[in-house]
Each structure stands twice: as structure tokens, then as C-alpha cells.
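[1] Fold the following and give me the result.
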Amino acid sequence: MWKRLIIALFTVAVLSAPAFARVNLNFDVEVVPPPARVEVVPAPRPGYVWAPGYWAWEGGRHVWRGGHWVVVRPGYY
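    Residues are numbered from 1 along each chain as shown. So this is what the prediction gives:
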């Protein structure tokens with residue numbers, strides 16, 4: 001009897017284990033972005049670092065995202 005109970009509990013534990021799923025999305029952009037734009041970097045601000053602009057892929061085309069100030073995080077560069 002104990003043997004059957006142990007087997008039943010083990011079966012329930014194994015079958016009720018959570019299932020993990022992973023999804024991978026890959027896409028290729030075969031359109032080369034335009035050359036980077038020249039930005040005038042403002043004067044330094046204490047506690048901030050300048051993040052330069054970049055071309056982002058949005059709505060099936062490249063869109064320029066201008067540079068902006070980011071709060072300094074010690075240990076990051």
C-alpha cells in the first residue's frame with residue numbers, strides 16, 4: 001500500500017511540474033541605415049553623460065533618434 005502511495009505522489013509531483021516555454025523572434029533588416037547625423041554635443045552637465053543619437057528601425061523604415069542626457073550610473077560606461 002505504501003509503495004502505491006509513494007508512486008502516486010511521485011507521479012503527481014512530476015506531472016504537475018511547471019512547463020517552461022521559450023519564444024525566439026528573429027528578423028533581418030536588409031536596408032542599410034543612412035549615415036549618422038552630426039550632432040552638436042551640449043556642454044557637460046554634472047551627474048549626466050551624453051548618449052549620442054542613432055538610427056532606429058520603426059514602421060519599416062529608419063528613424064533618427066536624437067542624442068540625450070542620461071543620468072550617470074557608477075560602474076557603467
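
[2] Assign W57 to helix, strand or coil.
    Following DSSP: H, G, I helix; E, B strand; the rest coil, W57 is assigned to strand.

[3] Surely it is in contact with V29?
    Yes. Counting by Cβ atoms under 8 Å, W57 does reach V29; the two are 5.4 Å apart. Where you see a C-beta, it was placed from the backbone N, CA and C, and this is true even at glycine.

[4] Break down this protein into its strands, ranges please.
    48-51, 54-58, 61-65, 68-71 (DSSP state E).

[5] These into a markdown table, with extra columns for mean pLDDT and mean neighbour count?
    Compiled in a markdown table, these are given as follows (pLDDT from 0 to 100; neighbours: other Cβ atoms under 10 Å):
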| stretch | mean pLDDT | mean neighbour count |
| --- | --- | --- |
| strand 48-51 | 93 | 13 |
| strand 54-58 | 93 | 13 |
| strand 61-65 | 94 | 13 |
| strand 68-71 | 94 | 10 |
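
[6] Just put these in a markdown table and tack on distance to P42.
    Shown next, in a markdown table, are the strands of the chain (distance: least, Cβ to Cβ, whole Å):
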| stretch | distance to P42 |
| --- | --- |
| strand 48-51 | 7 |
| strand 54-58 | 17 |
| strand 61-65 | 16 |
| strand 68-71 | 8 |
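
[7] for those, which one sits closest to V40?
    Between V40 and these, the shortest separation by Cβ to Cβ is 10.6 Å, and it involves strand 48-51.

[8] Mind listing the strands that closest one pairs with, and their directions?
    strand 68-71 (antiparallel) (DSSP bridges).

[9] Show residues contacting the partner strand.
    42, 45, 47-51 (Cβ atoms under 8 Å, 6 or more residues apart in numbering).

[10] Many thanks, I have nothing further to ask.
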